Structures are given as C-alpha cells and as structure tokens.
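> Below are the sequence and a predicted model for it; my questions follow.
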Amino acid sequence: MEPVASARTTKRLPLVKIAESKLPTPFAEFRITVFRAADDKEHVIVSLGDLANGEPPLVRVHSECLTGDALFSLRCDCGFQLQSALATIAEAGRGAVLYLRQEGRGIGLGNKIRAYALQDHGRDTVEANHQLGFPADAREYGLAVDLLHFLGVQKIKLMTNNPLKVDALVTHGIEVTERVPVQSGLNPHNESYLRTKADKMGHWLTLP
Ligand SMILES: Nc1nc2c(ncn2[C@@H]2O[C@H](COP(=O)(O)OP(=O)(O)OP(=O)(O)O)[C@@H](O)[C@H]2O)c(=O)[nH]1
Ligand SMILES: [Zn+2]
C-alpha cells in the first residue's frame, strides 16, 4: 500500500491507496480506486478517461448517503444526483466521482436517522441537526483535495448545487473553472427538504 498524500497536504495524515480495478456500470466502464484516510474510513474514486491532461475534468464530490445511494430513499436527491453524475461523466468520456464517507453531512447514519425522526415531527433538516447538537453541515473537504492531487488534477468542472462545496475547494487551492448544476430527483417526499436547502443553506436550486 502506497501513501499518496503530497507535501502540500502534510498537515493531514497520509492517504493510503488500497486497491484499484475496473468498475463496469450501466453508464460506462469506470475505474474504482479505494483509499484509507486519517479518519480510518475507506473513500472511493470512480473515474473515467485521462484526467491529468490539463483540461479541467467533470468532478462530482459526493457525500455518502446509504439511504439515497443504495436504498432508493425518496427523502433526498442523493441517489438521483449520483446516477446523473455518472451518466454525465460517461457521456463526456472523462471525469470522476469522489465518493466520500461523510454520511449524514458528516454526523453518521444513526444520527441522520435521528434527524429524520425529528423531521417526521415537523423540524426541517437544519433545525433537526441543531436540536441534536450538531452544526447544519459537519463536512470538510481536505480529503477531496488530497484525492484530486492523487489524480493529478488542479482545475475542475464541479458538479454541485452547494456553494459551500465550491468555496471549500477553492479555499484549498482547487480552481473551479465551471459549476455544473446537478438538479434531479425532485419528488413530493423531498420537496420541502430541497426548499430548506435552497432557503437556509443557499443551494442553487430552482424549485416550483
Ligand atoms: N444530517 C442530515 N444529513 C442529511 C439529510 N438528508 C441528507 N443528508 C446527507 O447529506 C449529504 C448530501 O448532502 P446534500 O446537501 O444533499 O448535497 P451536497 O452534497 O451538500 O450538495 P450537492 O453537491 O449540490 O449535492 C449526504 O451525506 C446525506 O446522507 C438530513 O436530513 N440530515
Ligand atoms: Zn441523501
């Protein structure tokens, strides 16, 4: 296993590459690369094409959502965004999804479900996190920057609706040449969740 964090990331413990293989999907045959990071979790890059040729690739920095990504939940838009990001990258022939294990905006699965239970009783997603003693968003993106350095990528076209994500990457020295919207999966179960993200978290979303 090879440590891959560069000198520019010396403040964090090294990111260790564990393994890499082909990943055939309905969209394209991607490569999957797995890393172990300082948080002792396994983080993933799903990539396609030559990313280090100087042209900014499409990049989706995706936060783990077991319920949306794997269990078809309609409470959020995560699974739809993941699919649409993979499809868009496949169409472009080039790009990467950084799949970060920051479940529940960084508070973990159990706490996210606690927050869902509060939302079942009328709280919104921000109020529920606060009621549990967490910030609205507990994520940080230094690891995403380490993964981009691993890929040899400094400039990206970032697929997101989240202004905090753009700011965090830019602050860490990544050039975001374009912000590509990833608006998909609006349904009656996630409409008020998405409205709260637009109203309270500043997400760039166009809602009916
Ligand atoms: N704490 C908490 N986390 C949630 C909730 N709903 C979804 N999540 C988590 O939020 C993360 C996804 O964040 P989003 O705000 O949907 O999207 P984003 O990644 O910030 O922004 P985009 O790039 O535009 O998708 C995943 O880790 C989900 O598990 C919720 O109600 N409470
Ligand atoms: Zn989700």
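Ah, there it is. Ligands and ions are numbered 1, 2, ... in the order given.
> residues near the closest residue to residue 44 other than its chain neighbours, how many?
Spatial nearest neighbour of residue 44, excluding adjacent residues (Cβ to Cβ, 6 or more residues apart in numbering): residue 99 at 4.0 Å. Yep, even glycine has a C-beta here, placed from its N, CA and C like the rest. With neighbours defined by other Cβ atoms under 10 Å, the count for residue 99 comes to 21.
> hang on, residue 99 in a strand?
Yes - assessed with DSSP: H, G, I helix; E, B strand; the rest coil, residue 99 lies in a strand.
> and it, what does it touch?
Contacts here follow Cβ atoms under 8 Å, 6 or more residues apart in numbering; on that basis residue 99 touches 43-46, 62, 64.
> In CSV, list the residues you listed along with distance to residue 186, secondary structure and neighbour count.
Supplementary listing: these in CSV, determined by distance: Cβ to Cβ, whole Å; DSSP: H, G, I helix; E, B strand; the rest coil; neighbours: other Cβ atoms under 10 Å:
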residue, distance to residue 186, secondary structure, neighbour count
43, 28, strand, 22
44, 27, strand, 19
45, 28, strand, 22
46, 24, strand, 23
62, 18, strand, 23
64, 21, coil, 23
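> And the top helix by length along the chain, what's buried?
Among the segments of the chain that qualify as a helix by DSSP state H, the longest is helix 78-92. Within helix 78-92, the residues scored as buried using 16 or more other Cβ atoms under 10 Å are 78-86, 88-90.
> tell me which of the contacts of residue 99 is nearest to ligand 1?
Checking the contacts of residue 99 against ligand 1 by Cβ to the nearest ligand atom gives residue 64 as the nearest, at 5.4 Å.
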